[in-house]
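> need a 3D model of the following:
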Amino acid sequence: MWTREIPFIDPVAAAEAFSSLPGLAFLDSAMRHETLGRVSIVAADPFGRFRYAKGRATLDGRPLEGTGLEALRACLAPYRLAGDEGVGFPGGAIGYFAYDLGACLERVTPPSRRAGLTDDIAFNLYDTVLSIDHDSRTCRLIATGFPETTDAARAGRARVRLDRFAELLAAGDGGTGKVTEAAPLAWRSNFTRASYEAAVEKVRDYIRAGDIYQANIAQRFEAALPPGYDPFSLYHRLRETNPATFGAYLSFGALTIASSSPERFMKLQGRAVETRPIKGTVRRVEDPAEDRALAEALRANVKERAENIMIVDLLRNDLSRICEPHSVKVPVLCGLESYASVHHLVSVVTGTLREGHDAIDLIAATFPGGSITGAPKLRAMDIITEIEGDARELYCGAIGALGFDGSLDTSIAIRTVFMDETRAVLQAGGGVTLLSDPAAEFEETLTKAARVFAAFEPDRNESGTP
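Next up, the predicted model:
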């Protein structure tokens, strides 16, 4: 690969500089963190577009053989690079796995209603990326020269691409990306308060009957967008109202994704695997003493800790299917992490991938994430489909990157909006256990959604709920 150091640039300004190109991808560490929120990636103008929908895989519209994950692996195979820790992400596929891909991987019931906004898998292949290190305040353009395959052709393409992207960054005006004025959106949910609380009680009935221990139930909000709505300005507002370590803005033509997820799904570097499930949430308040008290109460909450530990056990089981024997560990159990509007309990589960397996195998063994399904996973997924009715599409799937070096880093698609030119969709949910209070569970979904709603209404109090 070929690299070029450039002066430090704000990641939003970099994304705006690339916005004239197709397929903008912005993996944004909007909330700074020494490890989780250290690097942002900006890319555009992909050389390939992989899609998997309705059982059919395509590359640039051409049919491919194999199932979704098998076909994606085949698309990446010609472009494998040796890893280089000094470079970081060297380019690769950036996109998403929709939650509904789970019905292709496991024997679960598919939903009967689907809006059709997302594919089951959508990844663009990027040969040139900008890596922004917020800690060292350095920026590096990286070009692989793909899809050329000979050394000379790759070197020639890489030089041209580095020049072009550097020129775009130098010419950028450092715009602010402010949200354009618009009337408040009329969000509609597929649940009323009463029907959501009844859904929570139904899950508790399943738990009493011995079907499951826990299930995650979400409500789906949808709103019409005014003509000419600017999705990127919306994302800029979202990263201000709800900064997160795993932010993302992805453009897939008619579909746009704006995400401020705090939760890592799966990371693979070499053979080292890490997942960071979130279970346990409480709202934040302005008074520092009360905020600390709420955080400490969350740490001690029996229901929230039990929920977190159940999901840790589920993920330990999932990783044991694909990791070396005895390598799966839990270095952090029910740790506290604080974000703009909420405190979370977060655990860390690690393992060592078995020899002869890759990132695609890791996704196949663990998708969708246990923190947003329940336990046991497959029965919980069927109950989710029965109760929610609507397909989740992107919600609770995974967003992220598959590197040409075999690496993987993905977030759980929560606090995530996906939209076309006429409508926006946002979902918010929570884990239900036998100890759940239906009214409190409903309020938790609004707490999780509040900052995202605020991003659509820049003149409203950011702490308000819809």
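> CA atoms for contacts and neighbours, from now on please.
Noted.
> where is the longest helix in the protein?
The longest helix of the chain (DSSP state H) is helix 151-171.
> list the buried residues for that helix?
Arg154, Ala155, Arg157, Ala158, Arg159, Arg161, Leu162, Phe165, Ala166, Leu168, Leu169 (16 or more other CA atoms under 10 Å).
> please enumerate the helices of the protein.
Counting by DSSP H, the helices of the chain are 11-18, 68-76, 102-105, 151-171, 193-208, 231-241, 288-300, 302-320, 359-366, 377-388, 438-456.
> and those as CSV, adding mean pLDDT and distance to Pro111?
Shown next, in CSV, are the helices of the chain (pLDDT from 0 to 100; distance: least, CA to CA, whole Å):
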stretch, mean pLDDT, distance to Pro111
helix 11-18, 96, 36
helix 68-76, 97, 19
helix 102-105, 92, 9
helix 151-171, 97, 43
helix 193-208, 98, 17
helix 231-241, 92, 28
helix 288-300, 95, 34
helix 302-320, 93, 23
helix 359-366, 98, 20
helix 377-388, 96, 6
helix 438-456, 92, 21
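> closest to Gly351 out of these?
Gly351 lies closest to helix 302-320 among those, at 6.9 Å (CA to CA).
> where does pLDDT dip in the stretch 1-150 of the chain?
Low-confidence segments of the stretch 1-150 of the chain, defined by pLDDT under 70: 85-86.
> so how far is Arg321 from Gly228?
47 Å (CA to CA, to the nearest Å).
> more neighbours, these two?
More crowded of Gly228 and Arg321, by other CA atoms under 10 Å: Arg321, with 15 against 9.
> wait, what's in contact with the more buried one?
Ala365 (CA atoms under 8 Å, 6 or more residues apart in numbering).
> just checking, Gln219 touches Gly429?
Yes. Contact criterion CA atoms under 8 Å: Gln219 and Gly429 qualify, at 6.1 Å.
> which residues are in contact with both of those two?
Thr445.
> now His344. Nearest residue, chain neighbours left out?
Thr281 (4.6 Å; CA to CA, 6 or more residues apart in numbering).
> the one you found contacts Glu296, doesn't it?
No. Between Thr281 and Glu296 there is no contact under CA under 8 Å: 11.7 Å.
> other residues contacting stretch 350-363?
69-70, 73, 266, 268, 271-275, 319, 322-324, 327-331, 402, 406-408.
> what about the closest residue to Arg208 other than its chain neighbours, how many neighbours?
With sequence-adjacent residues excluded and distances taken as CA to CA, 6+ apart, Arg208 is closest to Leu434, at 7.4 Å. Leu434 has 18 neighbours, counted by other CA under 10 Å.
> Leu434: what's it in contact with?
Arg204, Ile207, Arg208, Tyr213, Gln214.
> let's go with 10 Å and repeat that
By CA atoms under 10 Å, 6 or more residues apart in numbering, Leu434 lies in contact with 200-201, 203-208, 212-214, 303, 307.
> from Phe453, how far out is the residue nearest to Ala215 when sequence neighbours are not counted?
Sequence neighbours aside, Gly374 is the residue nearest to Ala215 in space, at 4.1 Å (criterion: CA to CA, 6+ apart). Using CA to CA, Gly374 is found at 26 Å from Phe453.
> what's the answer for Thr3, then?
For Thr3 relative to Phe453 (CA to CA), the value is 39 Å.
> looking at the two, which one has more neighbours?
Phe453 (25 against 18).
> my read: that one touches Leu185, true?
Yes. If you go by CA atoms under 10 Å, Phe453 and Leu185 touch, sitting 8.8 Å apart.
> ok, back up a step: wait, the residue nearest to Ala215 sits on Pro277?
No. Gly374 is beyond contact range of Pro277, at 11.7 Å (criterion: CA under 10 Å).
> where do the contact lists of those two overlap?
Contacts common to Gly374 and Pro277, judged by CA under 10 Å, 6+ apart, are Ile311.
> show me what contacts Ser407?
For Ser407, counting by CA under 10 Å, 6+ apart, the contacting residues are 83, 88-90, 92, 267-273, 358-359, 401.
> if any of these are buried, put those into a ChimeraX selection.
A single ChimeraX command selects the buried members of these (16+ other CA under 10 Å):
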select :83,89,90,92,267,268,269,270,271,273,358,359,401
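> and the contacts of Ser407, which of them are in strands?
Gly92, Lys267, Leu268, Gln269, Ala272, Val273, Ala401 (DSSP state E).
> want to try JSON lines for the helices of the chain, with distance to Ala25 as columns?
Shown next, in JSON lines, are the helices of the chain (distance: least, CA to CA, whole Å):
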{"stretch": "helix 11-18", "distance to Ala25": "8"}
{"stretch": "helix 68-76", "distance to Ala25": "18"}
{"stretch": "helix 102-105", "distance to Ala25": "24"}
{"stretch": "helix 151-171", "distance to Ala25": "14"}
{"stretch": "helix 193-208", "distance to Ala25": "35"}
{"stretch": "helix 231-241", "distance to Ala25": "11"}
{"stretch": "helix 288-300", "distance to Ala25": "34"}
{"stretch": "helix 302-320", "distance to Ala25": "29"}
{"stretch": "helix 359-366", "distance to Ala25": "20"}
{"stretch": "helix 377-388", "distance to Ala25": "30"}
{"stretch": "helix 438-456", "distance to Ala25": "20"}
